[in-house]
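Chemist: could you look at this predicted model? Sequence included:
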Amino acid sequence: RHHILSLADFTPIEYDTVLKAAASFREVLSRRTKKVPALQGQVVANLFFESSTRTRSSFELAAKRLSADTLNFTSATSSMTKGETILDTAKTYLAMGCDIMVIRHKEAGVPSAIAAELDRLGERVSVLNAGDGQHEHPSQGLLDLFTICTLIDPIEPRLELLKDKKIAIVGDILHSRVARSNIWSLTASGAEVHLAAPPTLLPKWFADFVNDEEIKEIDQIPNRKLFVHWHLEPALRDADFVMTLRLQKERMTANLLPSLREYHQLFGITRSQLKHCKPNVKILHPGPVNRGVEISSDLMDDPEFSLIQTQVTSGVAVRMALLYLIGSGKAVG
Ligand code: CP
């Protein structure tokens, strides 16, 4: 694998390769020096055509910890404001000797389009999708997987640890690239994944598979256990992990919500909702969080339940693993 654009075709071996590499980089990050010479002399360009705090900063830090040189691009302060195109911007970074392009864009497919153009030109530059529209956010899916697996086995995180776990993904599934990447990775592990959202925040094709009384298995994804609910409680019942998602107001073209207050009442994760889950349930959120909307503020800050800060910490080790596996010429698998 030369680019990482999606988790849809990731194999169990590839997941385990990333988890193992991330575990070893987590160990490196616990040392005083925190740095290895693995990508010395390579150039990693962070091309962010859409806003980011944690993805951009953790890719930059990951590249620096691997001793690569980093270039940071944001479209608002670039020559795109003078009319330069996305592809010409990518080619400009190519001409500077860039080895890896980490790309975020508000439209689905932009990282894939740039990767295809680089391949057509015969260039060996790799593209890592850092989130494209409503499509996918593979590095977030992998860091969420790493966060959950290391909680179960900190020394040897691996996909099979999630077999027979129940994981609820709650909220704005419709607009969430994080949900899409997590659906691929978590169902690949054999975990039972339960989606819960208001009907207006679910992709339309899911509607055929929702039945409030009898929950149906989605058969478009064979051999994967994925369930859909219009109500929160059946998704939370006996859940081991609950992943809440941000309401992506910037992507909402219609009035998709009754109100934020009603949304919180129906789908917000609060202490009282946790009574439906397993007693040692853990909560994830990819961030940024709308405090008091998708999760209550006190729960978000409670380390007994919340893995939100751990997810951010995991992001550096996982992104080191991705840059290392791609940049050192090793296939991920
Ligand atoms: N989770 C995530 O992608 O956060 P940022 O938008 O801050 O990068």
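Modeler: That came through, no problem.
Chemist: what does this structure have sitting close to the ligand?
Modeler: Within the chain, the positions adjacent to the ligand are S52, T53, R54, T55, G131, Q140, P286, G287, P288 by Cβ under 6 Å from any ligand atom. Quick note: C-beta positions are derived from backbone N, CA and C, even for glycine.
Chemist: can we see that at 5 Å?
Modeler: S52, T53, R54, T55, P286, G287 (Cβ under 5 Å from any ligand atom).
Chemist: highest neighbour count among those?
Modeler: Compared across those, P286 has the highest neighbour count, 27 neighbours, by other Cβ atoms under 10 Å.
Chemist: can you tell me the SS state at the nearest residue to that residue once chain neighbours are set aside?
Modeler: Nearest residue to P286, sequence neighbours excluded (Cβ to Cβ, 6 or more residues apart in numbering): V178, at 4.5 Å. Applying DSSP: H, G, I helix; E, B strand; the rest coil to V178 yields a three-state assignment of helix.
Chemist: give me the number of neighbouring residues for V178.
Modeler: 26.
Chemist: report the contact partners of it.
Modeler: By Cβ atoms under 8 Å, 6 or more residues apart in numbering, the residues touching V178 are H137, Q140, G141, D144, L245, P286.
Chemist: can you do 10 Å?
Modeler: For V178, the contact set (Cβ atoms under 10 Å, 6 or more residues apart in numbering) comprises 131, 136-137, 140-141, 144, 169, 171-172, 243, 245-246, 248, 284-287.
Chemist: now, of the residues you listed, which are buried?
Modeler: For the contacts of V178, a burial check counting by 16 or more other Cβ atoms under 10 Å picks out 131, 136-137, 140-141, 144, 169, 171-172, 243, 245-246, 248, 284-287.
Chemist: so E304 is in contact with D298, correct?
Modeler: No: applying Cβ atoms under 10 Å as the test, E304 and D298 come out as separate, 11.1 Å apart.
Chemist: so between the two, which is more surrounded?
Modeler: Just comparing E304 and D298: by other Cβ under 10 Å the higher neighbour count belongs to D298, 13 against 8.
Chemist: what residues sit buried inside the host helix or strand of that one?
Modeler: Per DSSP states H and E: D298 is located in helix 297-300. Within helix 297-300, the residues scored as buried using 16+ other Cβ under 10 Å are L299, M300.
Chemist: so what touches that helix?
Modeler: Counting by Cβ under 10 Å, 6+ apart, 244, 268-271, 273-274, 283, 285, 287, 289, 291-292, 294, 305-306, 308-309 sit against helix 297-300.
Chemist: tell me the buried residues in stretch 145-165?
Modeler: Buried, per 16+ other Cβ under 10 Å, within stretch 145-165: 145-151, 157-159, 161-162, 165.
Chemist: ok so, going back, just the ones in helices from the buried ones among the contacts of V178, please.
Modeler: Within the buried ones among the contacts of V178, residues falling in helices by DSSP state H are Q140, G141, D144.
Chemist: doesn't K249 make contact with L260?
Modeler: Yes: counting by Cβ under 10 Å, L260 does reach K249; the two are 9.1 Å apart.
Chemist: give me the common contacts of those two.
Modeler: With Cβ under 10 Å, 6+ apart, L260 and K249 have common neighbours N290, V293.
Chemist: returning to that earlier point: what packs against whatever helix or strand comes next after the helix holding D298?
Modeler: Next helix or strand after helix 297-300 toward the C-terminus (DSSP H and E): helix 308-327. Packed against helix 308-327 by the contact rule (3 or more Cβ pairs under 10 Å, 6 or more residues apart in numbering; DSSP states H and E) you find helix 12-29, strand 43-48, helix 54-65, strand 100-105, strand 126-132, helix 138-152, strand 282-284, helix 297-300.
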